[in-house]
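> fold the following for me, if possible:
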Amino acid sequence: MSVASVPFSFSRLSLIAGNTFLEAVRQKLFNFLLLLAIGLVASAQFFREFNFGSSELKFISDFGFGALIFFGSALTIATTAQLFFSEIENRTALTLLAKPLWRAEFVFGKFLGVFAVIGVFCALTIGLMMALLWHREGQLMGARPEDFANGRLIAYGDLLVVGVLQWLKFGVLAAIVLLIASFSNTNLFTVVTGFFVLVICHLQYLARDAWGNVDNAVLGLVVRALGFIFPNFQLFNLADQIGQGSGVSSVVALQVAGYAVAYIGVIGGLAVYSFRNREI
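You can find the predicted model right below:
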């Protein structure tokens, strides 16, 4: 039976996603998360020694999101590449694709499995950071009530929103790594290229700013095109607005979320197209 005669199946896609998630768990992912959790919880005792008032809460928030972005990016790139090439190297991909299975089901199943793993990482990190902030803010409210005349300073709903946006950003990064892996021959090349693309995406806004100052029309067009090809990861950095003024705008958050979903769909489609032309 040819694959073309078999309808696209979300059940097959979910099975691949589930197996991908379980495979990631077997790669001692939870040990990594546990070590990170212990480090963040232990750091609460370290922060208590500062006791520099409400600005300490902002410092803790920035520290937590810094850890989330750094470890989350590394985990996304390494896990996506490893789980994809493990299927290729173990020839399990050949066995799966010999059955009536769409390559789109395989690629998006891998993506959803990785996306779920990163979701667990984000949930654990944000949960620990919220618990730490809540506990420390309560201590500061007792020690310096004049700084909290209007109640708590941290908007914990905003923390959740920014955490979800970071999760979506990691989803875009996972889709990019899958696209690279779809035509790459080695795991190492995929990981190294993924980190290069990560840096480009974080500095992409500089290219857009430079575009307005370029006199050469051709060069300006190239810079502008690169600004659209690579997603702008700076858009996801809304953590600075937590506890400041009106907080995170729901309209901006929805726009950034839509931006991420659009890039995931487009890049995922390109990964499927590239993988269809690959011989396994």
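
> what residues are up against W134?
Taking C-beta atoms under 8 Å, 6 or more residues apart in numbering as the criterion, W134 is in contact with I154, Y156. Using the backbone N, CA and C atoms, a C-beta is placed for each residue, glycine as well.

> repeat for Y156
So Y156 contacts M130, L133, W134 (C-beta under 8 Å, 6+ apart).

> tell me how far the last one lies from L159.
Same thing as W134. Remark: distance between W134 and L159 (C-beta to C-beta, to the nearest Å) = 10 Å.

> what about the helices in the protein?
With helices called from DSSP state H, the chain shows them at 10-26, 29-48, 55-89, 92-97, 103-143, 156-183, 187-211, 217-229, 250-276.

> which one, of those, ends up nearest to L235?
Nearest to L235 among those is helix 250-276 (5.3 Å), distances taken as C-beta to C-beta.

> helix 103-143 and the closest one, what's the angle between them?
150 degrees (axes from the mean of the first three to the mean of the last three C-alpha atoms, to 10 degrees).

> can you list the buried residues in helix 250-276?
Buried positions in helix 250-276, judged by neighbour count with 16 or more other C-beta atoms under 10 Å: 253, 256-257, 259-260, 263-264, 267-268, 271-272, 274-275.

> and if you look at stretch 106-122?
Quick answer for stretch 106-122 (16+ other C-beta under 10 Å): 106-115, 117-119, 121-122.

> ditto for stretch 182-200
For stretch 182-200, burial by neighbour count (16+ other C-beta under 10 Å) applies to S182, S184, N187, T190, V191, T193, G194, V197, L198, I200.

> of all these, which two lie farthest apart?
Among these, N187 and I200 lie farthest apart (C-beta to C-beta), at 20.4 Å.

> burial of N277, as a residue count?
9 (other C-beta atoms under 10 Å).

> what's the distance between the residue sitting nearest the centre point of the chain and F10?
For the chain, F170 is the residue whose C-alpha lies nearest the centre (C-alpha atoms, centre = their mean; 1.4 Å). Distance, F170 to F10, using C-beta to C-beta: 23 Å.
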